[in-house]
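In: Requesting a structural model of the entry that follows:
(chains A, B and C)
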Amino acid sequence: MISQLNPRQREAVRYIDGPLLVLAGAGSGKTSVITRKIAYLVETCGYQARHIAAVTFTNKAAREMRERVGTLISGQAARGLTISTFHNLGLNFLRREHKKLGYKAGFSIFDAEDALGLIRDILIAEHGGDSDQASVVQNRISAWKNDMVTAEQAVAGATGPADMLCAQAYVRYQRALRAYNAFDFDDLILLPVQLLQSDPDTLAEWQQRIRYLLVDEYQDTNTTQYALVNLLVGSRQGLTVVGDDDQSIYAWRGARPENLAQLAQDFPHLKVIKLEQNYRSTGRILRAANTVIANNPHVFEKALWSEYGPGEPIRVICCPNEDAECERVVTEILDHRLRRGGQYRDYAILYRGNHQARLLELKLQQFQVPYRLSGGTSFFARNEVKDVMAYLRLLINPDDDSAFLRIINVPRRKIGASTLEGLATYAGERGIGLLAACDELGLQTVLPEAAVGRLREFADWLAQVRRRAQGDDPIDAIRGMLTDIDYEGWLHQNASAPAVAERRFANVLALVEGLQKTLERDDASERDSTGNDNGIEAAIARLVLRDLMERQEEEDDSADKVQLMTLHASKGLEFPHVYIIGLEEDLLPHRNSIDTDNIEEERRLCYVGITRARQTLTLTYCSRRKQYGEMQACEPSRFLAELPEDDLEWEGRTGTDPAASKTRAQETLAGLRNLFD
DNA sequence: CATCGTATAGTTTTT
DNA sequence: CTATACGATG
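Out: The predicted structure is shown next:
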């Protein structure tokens, strides 16, 4: 098990005498280290699997890790092992401990969209605020939560009137969530941290439970996540974290790469091991990555090397415009694949912004190249999925007013705005949820009889569904519910074409099927001794966290298609042949990042892109590009100048060298020429 | 309530 | 320029 590792990796696996930081460069086999260390802890060190937790950021990473651990140790030995995302860990924590925080069972989890809607409502109620401000406020609140700042602390520390406005919205937002018996994504980390900080008994229980903690992608942790790690580890110091500060590309989302350095201060006996041998890329690709990232300041110096040969030169291609750029990349893939007899899935096209995918798609279709575009509107953002999710949420959490409002008229139940207004006022006065208010006798005094009748009918029906769902076949109850409301019919009624409705209903069925799968899997595996939940609740909560729906993804993953994704989305992946397009000033160092002096993160983004490539790497840029309807001259990215000249093969570079320094007159001329293109 | 038209913005988004 | 979101109007 350990013999296949290099000496550094072996050391990282075997070191268990104290906290360990593994600085793992791109492609250095960090997942191998984590998975083998888990196996080592269980098989050699006598740890029970249920006392070990490994934490990742994505479901995908967690799934992969689980699979790889599964090949190393038996299912029996792995029993009780926790491998999950930070959010899933927080969710499991809250499933056990929510009562200590004053929440009821069956709580809801609001996704970003639900949260935005709630904030919008709050702003409107306060001072008819713009809906545009809502997302700003949402980001501010999220930033506070990621920084471990409570609503009260935010109010106390607000820096100006605008900040104060956000802080007050935060207070109201948090109150609303509590009233709805709901958490948002950030709460899944923040509230466990708050409870662990304030309740020594709970802290002791969890520290007793998790005796060895492993954290992947540590550079992506935010302040709150770091606090969670710190609390769980406690004095036992059973901790291994793996990370790479050069791959920190989520600082804008609250990630604190300095948490890597912070670790050395918080754990004086921290051992640091560097993994610098790369098992992925050719020498030239690696050298390019190293020289680019060398332009960033470093706390920990590291240099990737590999035993592979130099490989092919890195090609840098200048195209006249974005149309030519996309066409060039597509035809080149076509040509290259034919010549080398490879597969489409060996190729990835990476870019900075999603909008760049549009033209690529067009060209790929034109040349009939199969492709897979990751990102875009996610399955869970679809209206039909959100509708059904709202039904499910309301089913297990009657206090979820957000869900209630979403589906009360889907399909039409002739319950209008004024009825809902009356209901909301009534519920607000009594401090109860909207659904609970439907059953109140006093409702008749404030609303017309017909309206009250319709509300009752809905509430009674839902109560009936709930009773059925609590029986032994919840999935059947849910299917029955969808039949009751004739959701398929509603979709057909609202779709522009029958095919659209059919696709939407297929999504709904996939959702229900996914739910069933999770339920069965949770049944089969141990029930985690959580006791008081009836399975369906846990499964629905996990649904909100986008866990499951694996089959669809896998089918897509294995298809032979060219992969299209943003540089961000490419992190953690690798491809034999990588194309990065749009290496231009204002695009790859993005305009906003230049303005806010965030070049270093853009450089890391570039580094991440380069290190995705195994065999060949091609970089493209345009001399002119249409932006906001206007042709504009482009400057090659500064990152191109940072590449090792000897390993490059330029093509189409205009002029001799100072391609960038055009005179104003030349630019004007170029602009004029474009008018005639 | 639905549809049409206009106004407006226009990075990255693991959960 | 183009997608989207919101508002006005029938």
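
In: so A:R413 touches A:G453, yeah?
Out: No - applying CB atoms under 8 Å as the test, A:R413 and A:G453 come out as separate, 10.9 Å apart. Using the backbone N, CA and C atoms, a C-beta is placed for each residue, glycine as well.

In: Looking at the two, which has the bigger crowd around it?
Out: A:R413 (16 against 12; other CB atoms under 10 Å).

In: residues touching the more buried one, list them.
Out: A:R454, A:E457, A:F458 (CB atoms under 8 Å, 6 or more residues apart in numbering).

In: okay if I get those as JSON lines plus pLDDT and neighbour count?
Out: JSON lines is the format used below for the contacts of A:R413 (pLDDT from 0 to 100; neighbours: other CB atoms under 10 Å):
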{"residue": "A:R454", "pLDDT": "91", "neighbour count": "19"}
{"residue": "A:E457", "pLDDT": "93", "neighbour count": "13"}
{"residue": "A:F458", "pLDDT": "94", "neighbour count": "18"}
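
In: out of the residues you listed, which one sits closest to A:Q194?
Out: For the contacts of A:R413, the residue nearest A:Q194 by CB to CB is A:F458; the value is 36.3 Å.

In: where does the closest residue to that closest one other than its chain neighbours fall, phi/psi-wise?
Out: Distances taken as CB to CB, 6 or more residues apart in numbering put A:R413 closest to A:F458, at 5.9 Å, once the chain neighbours are dropped. Here is the backbone geometry of A:R413 (degrees, to the nearest 10): phi -130, psi 10.

In: just A:V369 next, same as before
Out: According to degrees, to the nearest 10, A:V369 has phi -100, psi 120.

In: Would you check how far apart it and DNA strand C are?
Out: Here A:V369 is placed at a distance of 20 Å from DNA strand C (CB to the nearest atom of the strand, to the nearest Å).

In: which residue does the stretch 201-350 of chain A bring closest to DNA strand C?
Out: A:D323 (11.6 Å; CB to the nearest atom of the strand).

In: okay, that residue: pLDDT?
Out: At A:D323, the model reports a pLDDT of 93.

In: which SS state does it fall under?
Out: helix (DSSP: H, G, I helix; E, B strand; the rest coil).

In: Narrow the contacts of A:R413 to those in helices?
Out: Cross-referencing the contacts of A:R413 against helices under DSSP state H gives A:R454, A:E457, A:F458.

In: could you dump those residues to CSV with distance to A:N278?
Out: Compiled in CSV, the ones in helices among the contacts of A:R413 are given as follows (distance: CB to CB, whole Å):
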residue, distance to A:N278
A:R454, 65
A:E457, 65
A:F458, 60
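
In: DNA strand C: which of these is nearest?
Out: A:R454 (22.7 Å).

In: isn't that closest one right up against A:R412?
Out: No - A:R454 is beyond contact range of A:R412, at 10.6 Å (criterion: CB under 8 Å).

In: residues from chain A in reach of DNA strand C?
Out: Residues of chain A lying near DNA strand C by CB under 7 Å from any atom of the strand: A:S131, A:R358, A:K626, A:Y628, A:G629.

In: Pick out the most distant pair among these.
Out: Greatest spatial distance among the residues of chain A next to DNA strand C (CB to CB): A:S131 and A:K626, at 30.0 Å.

In: ok, the residue of the stretch 551-677 of chain A found nearest DNA strand C - how many residues close by?
Out: The minimum distance from the stretch 551-677 of chain A to DNA strand C, using CB to the nearest atom of the strand, falls at A:G629 (2.8 Å). The local packing of A:G629 (other CB under 10 Å) involves 5 other residues.
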